[in-house]
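Novice: Generate a structure from the sequence data that follows.
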Amino acid sequence: MQLLIKIVSVALILLHTSNAGDICAYTTDGCGGLAGCCNHFASGECCAFASGYGLSAHWFNIDRSANPNLEAYIYSSTTCGNYLNQIGNVGASGITTCYNLWGKVAHSGDWWTSRLDRRLSRRESDCKEFDSIGFRDSNGTFHEFKVPNGKGFRDIEKLVKEEEFEQVFALERVRR
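Specialist: The predicted structure is shown next:
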């Protein structure tokens, strides 16, 4: 029986490694303010939110047709432990709306192809850190830029906060 459980676990891990999604955590409710994002992370992989982020969240690019039992979660720890809430608003192409936490703060998030997958594969380590930063300009247009190798998320966040937009706009853009 244990061998069967291990075989099923490995099969599920292999199935969901080809599925990838994106999550952005925001500094304000309504998916406003600055956004820190984990891009191309697999089902079951954790995204740790930087301090100050997680008042709202938005998942992108998760193919609902390939993941009909999609479930997304947010947590009160940075290691996808201490379950805070399961996310609703799952549409045909994934979670299509902003999720507000209404006074709570999430510190990490993940998504799973199914509840069974989550139970068999649960881990609370090796969380991915933000690999891009996003913000809205004065016209309301959302811009998102990759954190370059050798730089940290906070380095790029500082440029945005100090309005060093010439340097920010020279970075590689994230396209959704």
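Novice: ok, the residue nearest the centre of the chain - contacts?
Specialist: With the centre of the chain defined as its mean C-alpha position, the nearest residue by Cα atoms, centre = their mean is Ile23, 2.5 Å away. Neighbour list for Ile23: Cys37, Cys38, Phe41, Cys47, Ala57, His58, Trp59, Phe60, Ala72, Gly109, Trp111 [criterion: Cβ atoms under 8 Å, 6 or more residues apart in numbering]. Placement of C-beta: from N, CA and C, glycine included.
Novice: can you list these in TSV and add neighbour count and distance to Asn85?
Specialist: Putting these into TSV (neighbours: other Cβ atoms under 10 Å; distance: Cβ to Cβ, whole Å) gives the following:
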residue	neighbour count	distance to Asn85
Cys37	28	19
Cys38	24	18
Phe41	22	19
Cys47	29	15
Ala57	26	10
His58	22	14
Trp59	24	13
Phe60	16	19
Ala72	23	10
Gly109	28	10
Trp111	28	13
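Novice: Where strands are concerned, which of the residues you listed count?
Specialist: Of those, the ones assigned to strands by DSSP state E are Cys37, Cys38, Phe41, Cys47, Ala57, His58, Trp59, Phe60, Ala72, Gly109, Trp111.
Novice: Which residue or residues pair with the second one through a beta bridge?
Specialist: It refers to Cys38. Note on Cys38: beta-bridge partners by DSSP bridges are Ile23.
Novice: just the fourth one next, same as before
Specialist: With DSSP bridges applied, Cys47 shows beta-bridge pairing to Gly109, Lys128.
Novice: what stretches of the protein score poorly on pLDDT?
Specialist: 1-19, 63-69, 88-97, 114-125, 176 (pLDDT under 70).
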